[in-house]
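Undergrad: Here's a sequence, model it:
(one chain, ligands or ions: 1)
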Amino acid sequence: MHPKPTPQQLAWQEAELTMFLHFGMNTFTDQEWGDGAEDPAVFNPAHLDARQWVSVAKECGFGYVILTAKHHDGFCLWPSAHTEHSVKNSPWRDGKGDVMRDFVDACAEFDVKAAFYLSPWDRHEPTYGDSPRYNEHFRAQLRELLTDYSDIAEVWFDGACAEGPNGKRQEYDWASYYALIRDIQPDALVAICGPDVRWVGNEDGYARETEWSVQDASPEHHPGASGQVWYPAECDVSIRPGWFWHAAEDAKVKTLDHLMDIYHKSVGRNSVLLLNVPPNDEGLLSDPDVARLREFRAEIDRQFATDLAAGQGAVAELTDGSPDTCWEPVDEATPVSVAVELAGARSFCMCVLKEHIAEGQRVERYSLAARVEGEWRTVFEGTTVGHKKIDRFETVRADAVRLRVEASRARPMIQSLALFAKA
Ligand code: FUL
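TA: Down below sits the predicted model:
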């Protein structure tokens, strides 16, 4: 009755941060969208080091990394047997290199989940637009990737679609792509044009204030399903203006404040943040990007270093920091509230709430109050909570905080309530 996440969806959500690596032909041609006529000879990243990409991702707290195995220009970062348009015809490592292999090996070494982006829109492939034939070609590439590279945690499809050389619009056979993925690597999530992860609807990195992981099944992406499904949001955004690296954008890496705003409005709004950090034409993440990522990690750690509610109050389930316990009121009626008494007056300006989403998402509306010199003062009113909700308000000095669930789709299950001062 209440849709719940699969173990794979839950693990993905708990990781909170995914890194996107847009890398390929465009990195060398200074383009965002190649037309497929590019010469493989221009692909030559002299110092390519996938271990650098993944070690930086790991160090900065990203649990998943997605590589663009093939972008719209059709150039494959692995030596596909189904096209000549790939690394095998590039001068890089004398045509013996395989970016995908280096990437998955680095992910295994650093214990980060490996994922790939495979563009259905292919501007190089001659069969594109000849729908059944291209679907077969696309499935062959998918099969190749899923068979030759193990432990793929996520396959990311965007929806770009166009006419092929025959002037006909390609019709993607999504259901057959999903069936193939489920068959070969059943634990892989299928994202965006797929049933497991939902695009939030913009490329700015921002979720809505109200963000439900429970959604109506989409006829296209949930073939055979009806009613509601677990379909959590992902916010994709690039650390630079473009998705691919361009020398001219080395000075346009987003500021720390901008990234923190994105973090609060994505991870802090029940979504996963998919942050793109594009390797450069040497095959490395650039210094300004790496420096900003480290600042980003340090700032998250600083803002959420000390939970002033940890271990406080009589309702231990709420403040014990355990993902396995939660506060659940005895009866289902709302409004219902719970208070956390602090050992004394504390100043705080952020509250982090988490629902026990293993059992679904329930809270529809809530308010937070702080007891200031004996009087309860409302400091925040919100709607959905989900995996994590970060609320910011004017600093108050209070000796208790109260969560009141005003409306809920079922008995609320609140996993934690945490309080933070502005670091
Ligand atoms: C879009 C693509 O057209 C962009 O180039 C980029 O890959 C973005 C993440 O998805 O659909």
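
Undergrad: what sits against the nearest residue to residue 98 once chain neighbours are set aside?
TA: Nearest non-adjacent residue to residue 98, counting by Cβ to Cβ, 6 or more residues apart in numbering: residue 78, 5.3 Å away. Any C-beta I mention is one placed from the backbone N, CA and C, and that applies to glycine too. The contact partners of residue 78, by Cβ atoms under 8 Å, 6 or more residues apart in numbering, come to 69, 86-87, 98-101, 144-145, 148-149.

Undergrad: tell me the contacts of residue 395?
TA: With Cβ under 8 Å, 6+ apart, residue 395 has these contacts: 347-349, 421-422.

Undergrad: Quick check on it: phi, psi?
TA: phi -60, psi 130 (degrees, to the nearest 10).

Undergrad: that older thread, go ahead and build a PyMOL selection from the buried members of the contacts of residue 78.
TA: The buried subset of those, as determined by 16 or more other Cβ atoms under 10 Å, is captured in PyMOL by this line:
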select buried, resi 69+86+87+98+99+100+101+144+145+149
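
Undergrad: now, which of the contacts of residue 78 sits nearest the ligand?
TA: The ligand lies nearest to residue 69 out of these, by Cβ to the nearest ligand atom, at 11.8 Å.

Undergrad: beta partners for the closest residue to that closest one other than its chain neighbours?
TA: Of all residues not flanking residue 69 in the chain, residue 116 sits nearest, at 4.2 Å (Cβ to Cβ, 6+ apart). In this entry, residue 116 is beta-bridged to residue 67, residue 155, by DSSP bridges.

Undergrad: dump the residue contacts of the residue in the chain that the ligand sits nearest to.
TA: Closest contact between the chain and the ligand, by Cβ to the nearest ligand atom, is at residue 158 (3.4 Å). The contact partners of residue 158, by Cβ under 8 Å, 6+ apart, come to 117, 119-121, 192-193.

Undergrad: picking up where we left off before, buried only: go through the contacts of residue 395 for me.
TA: By neighbour count, with 16+ other Cβ under 10 Å, those hold residue 348 as buried.

Undergrad: who's in contact with stretch 302-312?
TA: Against stretch 302-312 from outside (Cβ under 8 Å, 6+ apart): 260, 318-321, 340-343, 346, 348, 350, 352, 401, 417-423.

Undergrad: Now that stretch: buried residues?
TA: Those would be 303, 307-309, 312, for stretch 302-312 by 16+ other Cβ under 10 Å.

Undergrad: and which of these is nearest residue 405?
TA: residue 309 (17.1 Å; Cβ to Cβ).

Undergrad: Model confidence for that closest one, exactly?
TA: Per-residue pLDDT puts residue 309 at 98.

Undergrad: before we move on, what about the one 10 residues further on?
TA: The pLDDT attached to residue 319 in the predicted structure is 97.

Undergrad: tally of neighbours for it?
TA: Residues near residue 319, counting by other Cβ atoms under 10 Å, number 23.

Undergrad: what's it in contact with, if anything?
TA: If a contact means Cβ under 8 Å, 6+ apart, then residue 319 has 307, 309-313, 340, 416-418 as its contacts.

Undergrad: how close does residue 180 sit to residue 104?
TA: 19 Å (Cβ to Cβ, to the nearest Å).

Undergrad: shaky segments in the protein?
TA: Along the chain, segments meeting pLDDT under 70 span 1, 423.

Undergrad: need the residues of it near the ligand, please.
TA: With Cβ under 6 Å from any ligand atom as the criterion, the chain comes near the ligand at residues 32, 158, 160, 236, 243.

Undergrad: For those residues, pick the one with the most neighbours.
TA: Counting neighbours by other Cβ under 10 Å, residue 236 leads the residues of the chain next to the ligand with 24 neighbours.

Undergrad: For it, identify the helix or strand it belongs to.
TA: strand 233-238 (DSSP states H and E).
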